[in-house]
Each structure stands twice: as C-alpha cells, then as structure tokens.
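Participant: kindly return the folded structure for what I paste below:
(chains A and B)
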Protein chains: 2
Amino acid sequence: MSTTQQSFNVSFIGNEPAPGDGNLFRAFAPARHENLADEFANVSPEQADQAVTKAAEAFPIYIKLMPAQRADFLDAIASELEALGDELIERAVLESGLPTGRISGERGRTTGQLRMFANLLREGSWVDARINPAMPDRQPLPRTDLRRMLVPIGPVVVFGASNFPLAFSVAGGDTASALAAGCPVVVKAHPSHPGTSSLVGQAIVVAAQKMGMPDGVFSLLHADNEVAQQLVAHPLVKAVGFTGSRAGGLALLRVAQGRPEPIPVYAEMSAVNPVVVLPGAISQDSGPNSATTVAAGLAASVILGVGQFCTNPGLVFLLDSPNTASFLETVAEKIKASSPATMLNAGICSAYQKGVQQNRIVPGVHVLAEADVDGESSQTQGRPIVLSTTAPIFLSSEFLSEEVFGPSSLIVVCATETELEECLRSLEGQLTATIYATPTELTHADIDWISLLQAKAGRVLFGGFPTGVEVSEAMTHGGPFPATSDSRSTSVGTGAILRFVRPVTFQSFPDELLPSALQDANPLDIWRNVDGKMMK
Amino acid sequence: MSTTQQSFNVSFIGNEPAPGDGNLFRAFAPARHENLADEFANVSPEQADQAVTKAAEAFPIYIKLMPAQRADFLDAIASELEALGDELIERAVLESGLPTGRISGERGRTTGQLRMFANLLREGSWVDARINPAMPDRQPLPRTDLRRMLVPIGPVVVFGASNFPLAFSVAGGDTASALAAGCPVVVKAHPSHPGTSSLVGQAIVVAAQKMGMPDGVFSLLHADNEVAQQLVAHPLVKAVGFTGSRAGGLALLRVAQGRPEPIPVYAEMSAVNPVVVLPGAISQDSGPNSATTVAAGLAASVILGVGQFCTNPGLVFLLDSPNTASFLETVAEKIKASSPATMLNAGICSAYQKGVQQNRIVPGVHVLAEADVDGESSQTQGRPIVLSTTAPIFLSSEFLSEEVFGPSSLIVVCATETELEECLRSLEGQLTATIYATPTELTHADIDWISLLQAKAGRVLFGGFPTGVEVSEAMTHGGPFPATSDSRSTSVGTGAILRFVRPVTFQSFPDELLPSALQDANPLDIWRNVDGKMMK
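Facilitator: I've put the predicted structure just below:
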C-alpha cells in the first residue's frame, strides 16, 4: 500500500497523519448523485489545538529561514502536486462535479501561483525595505539609524472554498501567500472535497519534509463548524483567510471580533459584479461595439462554469437605447440554447434554485430566458436563467441586488442616466464592476461613471467580462464590504502576501544582527527605499 | 475682532464655524490648577452627522485632485499653523501644562510631517502602481491589460490625543496621512486642549479655502463620548484613527465591530516598552557599556516629558550580573534627584498615582527610589518613581506588566536567562522593545533574544531609548495588540498613509481614462512595478 493510500482520508497535524477523533462523514459526488465510499473523520477540539500549537512552535524557526528556502518549499509543493498526477485530477472531478479540463487548468493555476510566490521571494523587494541611515551631526538632534521591513504576522488559519477545489483550497492562494510571507498555515478542509484536500495536504507535508521545513509549518484538518470557530478564536492564531458565502464569512468575522486580541480576517464573501452597458457600446450593427457581440459575451460569462465564480456577472444595467431590444434578444437566444449542468454540491444547487425562485416571482420581474432543457437531476443541476426588470422595481426591492450563486443574471433596463446612477449608488461593495461604453461617451458624460464604479469595487473593467481572474502583480481580487471583510486586501496575485505581514523597525542595530534584507551591503540585491529614494 | 477671535471656541462643520448645540465645558490649565474662562460647546448628534455627510460629499471631488494639489494643501496647512505664531504656542502650553520649548518643538514636528507627506505625494511612488501589459498572443489564453494602484478608502474619523496637543491631534499624523491619502477627515477634538484644537482646526479650514479644496474635506468637532461613538458607527465613515488609552481605544473598536460594514480602526493604545539589559552591556567600568551610563540614560528616559510618552520605558529586565548593584544605585540616585512636574490633566495624574500605588504595595515589590521632593500640588504633578522586583514576583502578578502612564518604571531583576525568557514571553504586544547587549553576547546566546523581542513589538532598538520617535520612511510606530488594534500599521512616518487606502485594478482601460499614475507615459514619473520589475 502506498503512502498515498495509507493517508488518503486523514488529517495532518503538522507532518503527522492523524485519523480524526470526531464525527465521520463522506464525500458526495454531485455528478453521480451519491456519497462516495471513503469515510472521513473530523478532528476533535484537542487535535485542532495541537495543530495550532505546532504552528506556533514552527513559526520562530520558519521566520528565520532565508527567502530562497521558503521559495524552494513553495516550488516543492508545486512539484508534489504535479506528481499526484491523474489521481488528484480524478478525485477533484469526482468531488466537485467540474469537468476534467477545468480541474486540470485549475491545477496549472495552483502550481503556477505557488511558483509565482517562489519567484516573488527570490526577487525579494516585496518586503518594502526602508532605510534612514544615522545622521549623528543633525541639528537640533542627531538621527539614529532606522531600518524597516515587513515581517510575517504569525500562524494563519485558511478555509478552503468549494468552488475552486484546488486554486482556492488547501494549496490555494491563501496558503501559498501565507507560507510565502513566512506564516505557518492550518487549513480547515472544505467538506465538499475532503479527498482532494487530503491528497493536496499530503503533498504539502511531503514537500515540507523533503525541504526540511519545521514540523507544524502546515496542517490540514477535516473539521466541523464548531472546531472551525475554535480555530479562529485560538489565541495563537494571528490571521484568517476565507473564501465562501457571506453567511459563512460573517460568522467567522463575529468569532474573530469576540477575541480579546483583534486579528485580521480576510473573508472573500459575495458579489454580483455589476456590468453597466451604455448606448455607445452597442451602437454598431456588428463588431465589438454591437448589441449582439456584447450580449453574446455576457451570456457566455453568465453560464461559464455553471456560474460558480465569485466574479460571475449577476447584475446588468442597460441604459435604454435603440439597441436595447436587440441586446435582450441575443441574451435570450444564447441562454435558451444553453444547458443545465452539474453544480458543486446539493446545497449550492438548492440555494441557487431558491434564489432564482425568490427573484422571478417579484412583480415587475420577467423571465427573459431560461435554458430550454431542464437538468437530468434538479437536485444537482443548475439551469441557466436571465431575468429582466426596470430600475424602479430594482430599487424598491430588498433582495434583487443580492448574489444568486449560479448561472443566472438580472438585467435592469434603466430609462434614464439618473435611474442608472441611482441603481449604481444603491449597490453594496463588489469584487468587480464592468463598464461598456465608448471613451468619448465617458469623457463627455455628466456623471463620472468610472469613479462611481471605482468606489464600489476592487477591479473595474472597461469592456470584457469579470470571470477569469489573472494571477499577477496588478490583480486585485477584493473590494469593499460585503465583497470582502477587508477592502485593503487582494486574495489573488502577488499582493496577497501583504495580508500576512506587519512592519518592524530595527533601530541602531549592528549590521550583522540585521535581517539580510536590511543589511548595508544589500546581500539580497533588492529594491530599497533609502531616505525616500528607491535604489538597489 | 479678528477671525481668530470670532471662531476661537467653535467647531467647524466643513468650512462653516459652528457653535455647538450640545453641552458646555471649559478647558483646564493644569499648571494653574484652574479652569480657563472660555466656554466650549459640544456638537449635537445632528451636527456630527452634517460633518460626516459633508466629508462624504467632498470625497469624490477630493479623490480626483492631482497629487500635487493635495500636496499644496498640506503645505498650506503647515504655513497656516506657523502663521498662528505665539498664540498657538501659548494656548497649547496653557492647556497641556507642557513647557514652551517642548510645544514649540512639537509644532515643528507637526508642520514637518505635513510637509513630509506633501513631498511623498509629489514624489508619488507610494501608490504602489503595478502594471501587467496585455499579452494578446499568450497561450492558452490571452492576457488583458491590468493596472493597479492604491486609492483612498473614504472619510476618516480622527481622535486627537492628550499627550501631543499638536503632533497627535487636530493636524497631527493621522490627519496629515489621511488627507495625503485622499481621504476627507473629521476630527473629534480632545477635551484636554479644546482651544488649541479650535485654533488648529481653523488654520486647516483657512488652508482648505485658500487652496480651493472641496467643502467638507475637513471638519473639527468638539464632542462628547456619545457623539464620538456615533461618528465611529456612521455608515459613511470608512476608517478611524485614535491615539489614547487602552480603555478608550477598545471602546471605539467595539463600536466599530458592531457596524454592519467592518472598517479599519487604527487605535494606538498602550505599551510598557520593555528594556532588556544583558550583562555585557554594563560590563565596563565607564563609557557606553557601563552600568552608570546605561542606568543614567534609562532614568532620563523614564522622566522625560513627565513620562507622558507612548514609548516611555515602563519595564526593565535586568539579567543579574556583578554590575546589577551599580546599575540600580545609579538609577536610584538619578530618580531621587529628579523633580515632580505638571502632568497633562488631573485625570492622568490621578490615574498615575493610583497605578504607582497599586504596584508599590505588591509584596516583593520595592521602591528603588522616588523623587525626593513631592510636587507642589499632588493633584496635577507626577512624582518620578522606580520600583524593583524579581522575576517570580513579576510573573505571578496580574497587573505589574500593565502600563502606568507617567514618570515611573519597574525594574525586574532576573536571576537566570530562563527567568528572563519567561518574563519576555509573558509580555503583551508593544510599540517598542529595547535590548542592551554586546553583539557577541547575542550571536552566542542559546536564546534568540532579538526574535523574541521582534515578535512582541513594532520597533526593536539595539541600545538607546525608545522615547523620541523619528518621523521618517523607516519608522514603525505601531505593534501587536494591545500596543495597537492593528499591527499591520504605523501611525508615524510615511508608512502611515497606507492605513487609509485600498488597491483598485483597472482592466483593459483606454490610456486616457486611467488615473495618471497608471498611464503608459508615466506622466507623474513614479516608480512602477511592470511585470515584477521596478522601473520609471
């Protein structure tokens, strides 16, 4: 029996495979409508405490490693994930109901972002080193030598998301950025894909052992909600990363707020990702600025991945124009021709159906189009639908602006610019906001549409669609509440590392006692701010 | 009657001088032991709401100004403060009981940091611009153009501190950094120096008008605690800056946590700023590494400014050595020879006396020395005192590790390294931690003292004393809880601006619609991260 087989359904308390002492559960295979055979056991409160304690013990060792050692560890995790081969892909497909191509691409994204953080560490300038050399002769008072850099904050608890079983889960962006920052990580696995989680967890443990990382730098726990809350409340935990529902994120936030010591909670929760369409953008008969092109793009974005992206465009604001009818017709046509597809789990599918039902029965809301064919199983398949309404109906509703997670969207046709402005001002914070317009239309407008959208979102798009989140330096996957609980952060891209650090200043230190990032000779060859000037 | 006289004791709701509709109060002059004649009136809840509403209305205008315009505004505030001349100095001295030289120096610090932020804006690279140009031919998917920068978070409420009536008050670091970031500011004046606050508030209003800033970019409110809490709870407020007591900071934090939308609260609250003395640092008979030199420096730091600094060294851990006695003798001698002096207000003085009394009666705690002469008035004068004890007594106490704000310190003599380690591990988060040692002593130690201190503090000093906080790029004036409510931040130095911003990504934008910091031609000539490389 291979190690993989032995440890398949266990938690890892540091490097130690740990059969849970708590309740048993099984994974569900949404495409098969059945529970899988393997039993998983949640950890007990004591086991969760052991994992956090190990993380806290690993921290002072892990923090002292050179950046290149942490980089090698991240690279090793990526290699171990790849070494799992088809076993990982098959299990993730089984547990998520997502197609093989999508999961395979997601694996590439996951290993890609681990390596991106490894490269960020090797380049090294992200620590924002700042140096004010001593000025012993300054009048009226001399200045002492001051050197500042970002240091890791401490053990981080990460909650895996259901909709990205690899890229936003056990070895996803939260884990990669926290480990890169120098923080040990305790992952609470998502119960929708426990087998996938165990496989990935074991790959990380193998990488940690191969690279000589301190035991406890990583733990993977299958855990119930009570233990999840215990993790957030644990005094040795210094930050939390979460991707999931608004209710789930707010529950963890409340637990964190009950702590004597406040800690950062980065919960990425919900967004409807408004798309605004001004007349100029659909004024042509064909090509990129035609109603048919924009509408077809929209429909494709709504149904992509069965609408199970945080960046799914759930609200469209269309400023009425001669091409409104053509726009709506194209959307309707594309949605009708689409097919229901398997959603991540029964709970998500049921919530989707309830959300759609709640919206479609609002007086004044119309079903613009629904996929012609219903799904094989209404319990696990999401049926694409697009609703439409007017601005007054939208503005008078309590819930039409809320996220319905799945392949649906609501098109609000605004009769006037004033109506459109009022709709946009009424929105809560968003991950993204998209505007379709011609540049001239925007520069000549009475209303500053871009500023209005910027105030609401972490990413503003000029055309295109928000689904598809690039993992890069310039990405922001975050935004004002309730898109996230902390608008100062991004959970995707290199900026994600900044969530898990704090600045520390070293005053009058002998050079040899300074971290290498701050030593006179700049041995890491990083960009540093010296008296306000960037230099190497 | 000059404008200054007219508006002397009013609040400012935006540019509008506003006599408060609430309770009346008078300022207290601690050195005279009497209330001053001028009456101040707190604003009503409605007036506070007007100020926040005006700030929210000013925000979309203020955010669109070029960085150089905001810089000119900050410079103008500095000039207006200087134009107040002796009137400001005299009033601040009167209300704070601090000496003229100290207040005059503090004015220089205040105008200096306003100009520092102005220069930071003109240089411009602080916005952390990141650009990933489009890669239309990338396989398997093209990359769209992504450009990210930091943008202001929205209206900020600032609470002035009592111990720095200029540098941490109405035009202090919180206000300067928030205005620099692009956030309108509503200041809640500290009731210990209402006249100083009104004078400074008016100077800011004059500067705002002269520089054509939008009305509401700044408001100054005299307000009671209830209205203070209302400000923190206001839905249009997006961040809070506070410097003061732990109880005060935690109260505001709880109010913020009760909001539906979480917002950042930067409360700088309390610290005892431990100083660790290892034997090597006091092993010489004279010179910098002698017991007499280090002890004399410590005593001077304890009594500086009547101990009313957040960075006052309230705890000293002395690892026992042949020079312990000589160290203690010198401290005792200097403290005995010191004099009581006027504290900021009667409440602070009374809290100081209670804190000292609580500690000195603990069995096993001894009075090492007290200033020989008692103060003229025990109600307003703080009498320097240094207590001493052993590690076991310190570790068994519930409160000996807590801040006693004033000219006192507790020296804990540790018999062994293990005792010292245990003491340091028991500490809460701190603004600063100082170690006296020889470099060799640290590199050869079994215990990693620097890491231990770094885990507890925002600034670690090798020798010297923590009082005296440089305003510069490399300063961190912050630290783990309860030193601050958010260890990711500094309230002093250029880094303070990062508290009031969030990242926004612009995707596929036409160049002319981008903020200038992100345009292709780099018209602001700032450092930018382009695909991971820093360039201009």
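
Participant: which stretches of the stretch 1-150 of chain A have low pLDDT?
Facilitator: For the stretch 1-150 of chain A, applying pLDDT under 70 flags the ranges A:1-7.

Participant: for the stretch 1-150 of chain A, just list every one of the helices.
Facilitator: Remark: helices assigned in the stretch 1-150 of chain A by DSSP state H, counting those that start in this stretch are A:3-6, A:45-62, A:67-83, A:85-96, A:100-123.

Participant: same question for the stretch 151-300 of chain A.
Facilitator: A:173-181, A:194-210, A:225-233, A:246-257, A:291-303.

Participant: excluding chain neighbours, give the residue nearest to residue A:262 in space.
Facilitator: residue B:485 (5.5 Å; CB to CB, 6 or more residues apart in numbering or on different chains). Backbone N, C-alpha and C define where each C-beta goes, glycine included.

Participant: repeat that for residue A:219.
Facilitator: The nearest residue in space to residue A:219 (CB to CB, 6+ apart) is residue A:51, at 3.8 Å.

Participant: who are the neighbours in contact with that neighbour?
Facilitator: Under the criterion of CB atoms under 8 Å, 6 or more residues apart in numbering or on different chains, the neighbours of residue A:51 are A:11, A:13-14, A:43, A:186, A:216, A:219, A:221.

Participant: narrow the residues you listed to those in strands?
Facilitator: A:11, A:13, A:186, A:219, A:221 (DSSP state E).

Participant: how about those residues in JSON lines, adding distance to residue B:503 and neighbour count?
Facilitator: As requested, these are exported to JSON lines (distance: CB to CB, whole Å; neighbours: other CB atoms under 10 Å in any protein chain shown):
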{"residue": "A:11", "distance to residue B:503": "35", "neighbour count": "31"}
{"residue": "A:13", "distance to residue B:503": "35", "neighbour count": "25"}
{"residue": "A:186", "distance to residue B:503": "27", "neighbour count": "28"}
{"residue": "A:219", "distance to residue B:503": "30", "neighbour count": "32"}
{"residue": "A:221", "distance to residue B:503": "31", "neighbour count": "27"}
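
Participant: farthest pair within the residues you listed?
Facilitator: A:11 and A:186 (10.2 Å; CB to CB).

Participant: so what sits against both of these two?
Facilitator: A:51, A:219, A:221.

Participant: tell me which of the residues you listed is nearest to residue A:23?
Facilitator: If you rank these by distance to residue A:23 using CB to CB, residue A:221 comes first, at 13.1 Å.

Participant: tell me who's in contact with the closest one.
Facilitator: Residue A:221 makes contact with A:11-13, A:43, A:47-48, A:51, A:186-189, A:227, A:231, according to CB under 8 Å, 6+ apart.

Participant: again, but for residue A:128
Facilitator: Residue A:128 neighbours (CB under 8 Å, 6+ apart): A:148-150, A:503, A:529.

Participant: how about 6 Å then?
Facilitator: residue A:150 (CB atoms under 6 Å, 6 or more residues apart in numbering or on different chains).

Participant: backbone phi and psi for it, please?
Facilitator: phi 50, psi 50 (degrees, to the nearest 10).

Participant: any idea how far it is from residue B:117?
Facilitator: 17 Å (CB to CB, to the nearest Å).

Participant: residue A:118 now?
Facilitator: From residue A:118 over to residue B:117 (counting by CB to CB), the distance is 36 Å.

Participant: and these two? Which one has more around it.
Facilitator: residue B:117 (28 against 24; other CB atoms under 10 Å in any protein chain shown).

Participant: doesn't residue B:178 make contact with that one?
Facilitator: No. Residue B:117 is beyond contact range of residue B:178, at 9.7 Å (criterion: CB atoms under 6 Å).

Participant: what's near enough to touch the closest residue to residue A:431 other than its chain neighbours?
Facilitator: Using CB to CB, 6+ apart and skipping residues adjacent in sequence, the residue nearest residue A:431 is residue A:271, 4.1 Å away. Residue A:271 sits next to A:430-431, A:483 when contact means CB under 6 Å, 6+ apart.

Participant: now tabulate the residues you listed in CSV and tack on pLDDT.
Facilitator: Converted to CSV, those look like this (pLDDT from 0 to 100):
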residue, pLDDT
A:430, 97
A:431, 97
A:483, 97
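
Participant: in TSV, list those along with secondary structure.
Facilitator: Converted to TSV, the contacts of residue A:271 look like this (DSSP: H, G, I helix; E, B strand; the rest coil):
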residue	secondary structure
A:430	strand
A:431	strand
A:483	coil
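
Participant: need the residues you listed in CSV (columns: neighbour count).
Facilitator: As requested, the contacts of residue A:271 are exported to CSV (neighbours: other CB atoms under 10 Å in any protein chain shown):
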residue, neighbour count
A:430, 28
A:431, 29
A:483, 28
